[in-house]
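K.L.:
Using only what follows, build the 3D model:
(one chain, ligands or ions: 2)
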Amino acid sequence: MSTTRKIVHVDCDSFYASIEIRDNPSLAGLPIAVGGAPERRGVIATCNYPAREFGVHSAMASAMARKLCPGLIIIKPDMARYRAASQQIHDIFQDYTDLIEPLSLDEAFLDLGDNPLHGGSAAAIASEIRSRIASQVNITVSAGIAPNKFLAKIASDWNKPNGQFVIEQKMVEDFVRELPVRKIFGVGKVTAARMEKLGIKTCGDLSNLDRDQLDSQFGSFGKRLFELCRGIDHRPVQPTRIRKSVGVENTFVSDLPDLHACLAELPGLYEQLTVRMQNLSNKYLISKQVVKIKFHDFVSTTVESLSDTMDLNKYRDLIEQGFQRGQRPVRLLGIGAKLTPIEQSADSKITLENDERLSRPENEMQLALFRDP
Ligand code: DCP
Ligand code: MG
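P.N.:
Ligands and ions are numbered 1, 2, ... in the order given. All right, here's what the predicted structure looks like:
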């Protein structure tokens, strides 16, 4: 790898619980969990940090959690609200890059390699993203910043909750030397126990084994271990979001008085749209051209037309049609396109093959919670 990647892993703090506390602030400071009822053999999806002090954790039987923490307030999950918050967070990410790989509702990888903001400092951008989430979504998140996905994910956990941690390329060697092997994705209890028998506790210990030794001890996982214990991970961030549209719009400081003024704004908007479309044209086909107009009294209208290109004259016609519907000053003008992915099936395959995502018990857990009436 010639250039160093700038990967950020963002992970919300006690996600479901934080949403519940946000929406019912009288819960703040009390030990709370989100999950199924103890008397119905429910399980804990997550709990806030005060509850963690009692030993309560995700995937624990709710009955056990109550035993450990008798005052524990257990709230039924409400996925719709968690999904809405997740979408809001995703929209914030979108302002910084198109290279977003969500792993679950509450975590995602971002590749900020192309973002020049804050002098290209991924740590400063991560910090900005975190404050925007705090003020717009009203929950805290933690972030890890590193040259690859493996290290970024470990880093986001380092200063949790509401913190971030940067692993620079030059720190990698020292960082991994002391890193417990359990931190390696794919090293569970069984593998860790086997490693311990061989006297291996840290990635540093593991890096003393050569490729053949790793192969004979750990089979096909050996090759990956060879890289990970050295802090090497070449996996790219694989965006899984399928866009349905692309657009640019402007809200004007003073209203555009007539059609002529609206048409005069078209070239500027068109130029911006062309830049956006450049990054998308190898992945999407255009299916429609769209114009959106909001009049000074906030009434809006959308006009669209089937099209497989972004034709400037067509935008002109659409603006004319839209303006005729209101014939009054315009406060917002937008142009855009409806898109269809060129290879939809390939995109969804990426999602399924994402190992970290598959590893999460979350989806199954949610089903279990939903079965609990
Ligand atoms: N989740 C679940 N079942 C699990 C683990 C998690 O249903 N076994 C859900 C609830 C969590 C959300 O997924 O809120 C995110 O999972 P995390 O592992 O990121 O845990 P939290 O965000 O709750 O806490 P942390 O602050 O440790 O990230
Ligand atoms: Mg989390």
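
K.L.:
contacts and neighbour counts: CA atoms only from here.
P.N.:
Fine.

K.L.:
residues from this protein in reach of ligand 2?
P.N.:
Residues of the chain lying near ligand 2 by Cα under 5 Å from the ion: 11-13.

K.L.:
Just the closest of those residues to residue 233, please.
P.N.:
residue 11 (19.5 Å; Cα to Cα).

K.L.:
re earlier: now the residues of the chain next to ligand 2 as JSON lines including distance to ligand 1?
P.N.:
Formatted as JSON lines, the residues of the chain next to ligand 2 follow (distance: Cα to the nearest ligand atom, whole Å):
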{"residue": "11", "distance to ligand 1": "6"}
{"residue": "12", "distance to ligand 1": "5"}
{"residue": "13", "distance to ligand 1": "3"}
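
K.L.:
any chance of those in a markdown table, with pLDDT and neighbour count too?
P.N.:
Shown next, in a markdown table, are the residues of the chain next to ligand 2 (pLDDT from 0 to 100; neighbours: other Cα atoms under 10 Å):
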| residue | pLDDT | neighbour count |
| --- | --- | --- |
| 11 | 98 | 25 |
| 12 | 98 | 24 |
| 13 | 98 | 23 |
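
K.L.:
Nearest to residue 168 among those residues?
P.N.:
Minimum distance to residue 168 across these is 19.3 Å, recorded for residue 11 (Cα to Cα).

K.L.:
ok now do the residue in the chain positioned nearest to ligand 2, which residues does it touch?
P.N.:
Nearest residue of the chain to ligand 2: residue 12, at 4.1 Å (Cα to the ion). Residue 12 sits next to 106-107, 139-142 when contact means Cα atoms under 8 Å, 6 or more residues apart in numbering.

K.L.:
can you do 10 Å?
P.N.:
Applying Cα atoms under 10 Å, 6 or more residues apart in numbering to residue 12 gives the contacts 18, 86, 89, 105-108, 130, 133, 139-143, 156, 160-162.

K.L.:
from these, which are also near ligand 1?
P.N.:
Contacts with ligand 1 within these, as defined by Cα under 6 Å from any ligand atom: 106, 161.

K.L.:
Please flag which of the contacts of residue 12 sit within strands.
P.N.:
107-108, 141-143 (DSSP state E).

K.L.:
Next one, pLDDT for the nearest residue to residue 85 once chain neighbours are set aside please.
P.N.:
In space, and not counting its chain neighbours, residue 85 is closest to residue 137: 6.6 Å by Cα to Cα, 6 or more residues apart in numbering. At residue 137, the pLDDT value in this model is 98.

K.L.:
For residue 137, what are phi and psi?
P.N.:
Here is the backbone geometry of residue 137 (degrees, to the nearest 10): phi -110, psi -20.

K.L.:
Quick check: the residue of the stretch 151-300 of the chain nearest ligand 1.
P.N.:
Across the stretch 151-300 of the chain, no residue is closer to ligand 1 than residue 161, which sits at 6.0 Å (Cα to the nearest ligand atom).

K.L.:
For that residue, grab the count of nearby residues.
P.N.:
Neighbour count of residue 161, defined by other Cα atoms under 10 Å: 17.

K.L.:
distance of it from residue 35?
P.N.:
For residue 161, the distance to residue 35 equals 21 Å [Cα to Cα, to the nearest Å].

K.L.:
about what we covered before: residue contacts, the residue of the stretch 151-300 of the chain closest to ligand 1?
P.N.:
Applying Cα under 10 Å, 6+ apart, one finds that residue 161 lies in contact with 11-14, 49, 140-143.
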